[in-house]
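>>> sequence plus predicted model, see below.
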Amino acid sequence: MGGTKMLVALVLCLIVSTTMGQSSYRPKRSCSDDAMQCRINRLTSSEPSDRIECEGGLIELWDENEDQYLCSGVHAMRVTVQPNSLTLPNFFPFPRLVYIERGEGIMGVTFPGCPETYQSEGREEERIGEGERGFRESKDLHQKVHRFKRGDVLAIPPGAVHWCYNDGPEDIVAVHVTDLKNPSNQLDASFRAFYLAGGAGRSSQGRERQSSHYEFSNIFSVFDTSLMAEAFGVPEEVISRMQQTQDRSFIIRAEKGEMRILAPKGECDTGCDEEEHETRRSSHGRAQIGLMGVNGLEESICTMKLRHSTLNRKDSDVYTRRGGRLNIVNEHKLPILKHIDMSLEKGHMYPNTLYSPHWAVNSHSIIYVLNGDAHIQVVSNEGETIMNDRVSEGEMFVIPQYFAVSARAGNNGFEYVSFKTTSSPMKSPLVGYTSVFRAMPVQVLINSYQISPRDAQELKYNRQHQTFFLPARGGQSTRL
């Protein structure tokens with residue numbers, strides 16, 4: 001009997017150990033899949049190479065077949081949404097981060113199984129008489145909507161239906177980066193989106209797009225009409241309207257007066273100091289997670305925060321008075337990033353500031369230039385310079401994992417966002433108080449480089465009070 005109990009206990013222990021091991025293991029990109037794709041001989045910055053003109057805006061796409069995007073396994077686009085325009089509901093099998101470069105609006109993200117917690121005005125069909133229909137005002141229940149503005153980073157989980165509406169006075173310009181090789185995507189590493197409305201767009205020359213790679217008709221367009229009518233319990237003519245693609249593409253103009261969506265303003269719109277409020281809320285969130293532990297109970301997916309502002313100076317992770325500031329939005333500031341395994345870095349370098357030579361330990365970096373310009377140099381593992389160019393506003397480029405990089409801001413400074421393919425990015429700098437040289441014994445430096453002890457000491461300690469952003473020497477740097 002005692003032996004049986006011990007055997008049962010042993011089996012239970014093995015089951016628990018296996019389960020814990022599986023839950024802690026997070027599969028990443030396959031080395032065999034990337035081996036051929038990451039043999040990069042040249043990196044270049046570029047603006048979007050393709051565009052889709054829509055009724056209410058514009059979609060610009062970078063070429064995902066470039067070596068740098070194949071290596072990093074990402075897809076990038078820039079979306080412009082005009083005032084009073086709506087991006088049609090869609091979903092995709094991989095996570096996405098969105099940076100709002102300009103404008104403001106509201107975004108809806110629908111999570112399966114989550115309750116309807118918002119109540120807006122709407123119109124409800126009412127039968128008046130035989131063969132007649134009318135409408136009466138009623139309340140419309142829907143899931144939470146999120147208000148965003150310039151400088152915000154938005155997280156969109158895989159499989160979540162989402163849409164965006166521009167209720168502001170100017171165009172929304174948003175940069176989207178999608179992680180095609182994220183473990184949530186069990187399909188191939190090709191970009192695909194599933195639209196619930198809309199149809200194929202047109203190129204800038206007015207020709208209908210021929211590339212099947214970006215031809216997305218809504219998923220209702222080929223379903224059997226009578227089957228869908230029975231499923232929804234509506235007349236077939238309603239389903240026929242849902243199946244129409246027309247020429248409106250994926251961003252449409254909303255009817256005047258129809259977009260009455262409940263989107264409450266934030267607490268700080270009533271006059272409080274927004275930066276103070278954001279800092280207090282972020283600190284409270286980190287404290288709550290620290291007290292409760294990361295056990296899945298600290299925040300429900302239905303109420304999880306999807307937005308974080310990068311413009312709060314008090315939230316900066318690195319600040320150098322004459323160099324610049326760095327704001328890292330990782331899983332600690334925005335917990336949902338842990339679930340989608342992505343993050344973002346917003347950097348603002350003052351004129352002529354030098355970014356310490358470094359490499360990314362656990363992610364690729366997809367850099368988009370917001371303002372200014374910089375000289376970028378990237379070196380491969382073979383000791384070859386694969387990028388030695390000046391980049392400017394509106395351009396994008398990729399820095400592969402472990403490739404060493406350094407940058408110097410131009411005379412007008414350099415402002416950028418860097419999308420990361422991990423939720424907790426790590427860097428290894430070569431200069432400064434957290435550098436690998438600082439951690440090495442002097443004798444290792446002397447013998448490795450055949451230099452004098454004095455030179456080794458200077459190499460190790462000359463920047464001992466600085467890291468990442470190194471101000472230009474001789475007083476050349478001025479704050480923007």
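Received, thanks.
>>> where in the stretch 51-200 of the chain is pLDDT low?
For the stretch 51-200 of the chain, residues meeting the criterion pLDDT under 70 lie at 115, 117-138, 140-142, 200.
>>> what segments of it are strands?
In chain order, the stretch 51-200 of the chain shows strands spanning 57-61, 74-81, 85-91, 96-102, 104-110, 118-127, 133-142, 145-149, 152-156, 161-165, 172-179, 194-195, with DSSP state E, counting those that start in this stretch as the criterion.
>>> got it, and the stretch 351-480 of the chain?
354-360, 365-379, 385-392, 396-399, 404-420, 427-429, 469-470.
>>> determine the set of other helices and strands touching the fourth one.
For strand 396-399, the contact count by 3 or more CB pairs under 8 Å, 6 or more residues apart in numbering; DSSP states H and E identifies helix 67-72, strand 365-379 as packing neighbours. C-betas here are computed from N, CA, C, even on glycine.
>>> can I get the ones you listed in CSV including distance to Ser46 and mean neighbour count?
Shown next, in CSV, are the helices and strands packed on strand 396-399 (distance: least, CB to CB, whole Å; neighbours: other CB atoms under 10 Å):
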stretch, distance to Ser46, mean neighbour count
helix 67-72, 9, 22
strand 365-379, 11, 20
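>>> among those, which is nearest Lys314?
In terms of CB to CB, the element of the helices and strands packed on strand 396-399 nearest to Lys314 is strand 365-379, at 20.2 Å.
>>> packing partners for that closest one?
Here strand 365-379 touches strand 74-81, strand 343-349, strand 385-392, strand 396-399, strand 404-420, going by 3+ CB pairs under 8 Å, 6+ apart.
>>> just put the ones you listed in TSV and tack on mean neighbour count.
Shown next, in TSV, are those (neighbours: other CB atoms under 10 Å):
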stretch	mean neighbour count
strand 74-81	23
strand 343-349	25
strand 385-392	16
strand 396-399	24
strand 404-420	21
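>>> including distance to His364, could those strands go into CSV?
Below are these laid out as CSV (distance: least, CB to CB, whole Å):
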stretch, distance to His364
strand 74-81, 7
strand 343-349, 12
strand 385-392, 14
strand 396-399, 6
strand 404-420, 7
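>>> which stretch among the ones you listed comes nearest Phe191?
Per CB to CB, nearest to Phe191 of those: strand 74-81, 4.2 Å.
>>> which other helices and strands does that closest one contact?
strand 57-61, strand 172-179, strand 365-379.
>>> who touches the second one?
With CB atoms under 8 Å, 6 or more residues apart in numbering as the contact definition, strand 172-179 has outside contacts at 73-81, 92, 94-105, 164, 166, 191, 340-342, 366, 368, 417, 419, 421.
>>> strands paired with it, and their directions?
According to DSSP bridges, strand 172-179 forms sheet pairs with strand 74-81 (antiparallel), strand 96-102 (antiparallel).
>>> and those as CSV, adding distance to Tyr449?
Converted to CSV, the strands paired with strand 172-179 look like this (distance: least, CB to CB, whole Å):
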stretch, distance to Tyr449
strand 74-81, 37
strand 96-102, 40
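>>> among the ones you listed, which comes closest to Ile328?
strand 96-102 (13.1 Å).
>>> just the C-alphas of that closest one, formatted as CSV.
Written as CSV, here are the backbone C-alpha positions of strand 96-102 (Å, rounded to 0.1, in the frame of the first residue of the first chain):
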residue,chain,number,x,y,z
ARG,A,96,1.1,44.1,-33.6
LEU,A,97,2.4,47.3,-32.0
VAL,A,98,1.2,50.6,-33.3
TYR,A,99,2.9,54.0,-32.7
ILE,A,100,0.8,57.1,-33.1
GLU,A,101,3.0,59.6,-35.0
ARG,A,102,0.2,62.2,-35.4
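>>> buried residues in that strand?
96-101 (16 or more other CB atoms under 10 Å).
>>> the helices and strands packed on strand 396-399: lowest mean pLDDT?
Sorting those by mean pLDDT places helix 67-72 lowest, at a mean of 93.
>>> how distant is it from the center of its chain?
Centroid separation for helix 67-72 versus its chain: 17 Å, with CA atoms, centre = their mean, to the nearest Å.
>>> on contacts alone, who are the packing partners of that helix?
Using 3+ CB pairs under 8 Å, 6+ apart, helix 67-72 is in contact with strand 396-399.
>>> and the strand it packs on, how far from the chain's centre?
Worked out by CA atoms, centre = their mean, strand 396-399 lies 14 Å from the chain centre.
>>> what residues does it touch?
The set of residues external to strand 396-399 that reach it, using CB under 8 Å, 6+ apart, is 43-47, 62, 68-69, 71-72, 74, 76, 360, 364-369, 376, 378, 387, 391, 405.
>>> pLDDT averaged over that strand, what's the number?
Rounded mean pLDDT across strand 396-399 is 97.
>>> please apply the same query to stretch 441-454.
Stretch 441-454 comes out at a mean pLDDT of 94.
>>> domain-wise, how is the protein divided?
As assigned by automatic domain parsing, the chain contains the domains 35-111+144-253, 311-470.
>>> of all those, which one is nearest Ile301?
Using CB to CB, the nearest of these to Ile301 is domain 35-111+144-253, at 5.9 Å.
>>> gap between the nearest residue to Cys114 once chain neighbours are set aside and His162?
Distances taken as CB to CB, 6 or more residues apart in numbering put Cys302 closest to Cys114, at 3.7 Å, once the chain neighbours are dropped. According to CB to CB, to the nearest Å, Cys302 stands 15 Å off from His162.
>>> quick one: which of those two has more around it?
His162 (20 against 12; other CB atoms under 10 Å).
>>> ok, and the closest non-adjacent residue to that one?
Excluding the flanking residues, the one nearest His162 by CB to CB, 6+ apart is Val109, at 4.6 Å.
>>> does that neighbour touch His146 like I think?
Yes: using CB atoms under 8 Å, Val109 is in contact with His146, at 7.0 Å.
>>> the more surrounded of the two?
Taking neighbours as other CB under 10 Å, Val109 and His146 compare with Val109 leading, 21 against 17.
>>> how near is that one to Asp152?
According to CB to CB, Val109 stands 14 Å off from Asp152.
>>> before we move on, the earlier item: adding distance to Ser356, write the helices and strands packed on strand 74-81 out as a markdown table.
Output for the helices and strands packed on strand 74-81, formatted as a markdown table (distance: least, CB to CB, whole Å):
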| stretch | distance to Ser356 |
| --- | --- |
| strand 57-61 | 32 |
| strand 172-179 | 24 |
| strand 365-379 | 13 |
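>>> to Phe223, which of the ones you listed lies closest?
Closest among the helices and strands packed on strand 74-81, once you apply CB to CB, is strand 57-61, at 25.1 Å.
>>> can you tell me the strand partners of the closest one and which way each runs?
strand 50-54 (antiparallel), strand 74-81 (antiparallel).
>>> tell me what Trp163 is bridged to.
Beta-bridge partners, per DSSP bridges, of Trp163: Gly108.
>>> check contacts around it.
Per CB under 8 Å, 6+ apart, neighbours of Trp163: 86-90, 107-108.
>>> which stretch of helix or strand covers the residue nearest to Pro235 when sequence neighbours are not counted?
Excluding the flanking residues, the one nearest Pro235 by CB to CB, 6+ apart is Ala229, at 6.5 Å. Element membership of Ala229, judged by DSSP states H and E, is helix 225-232.
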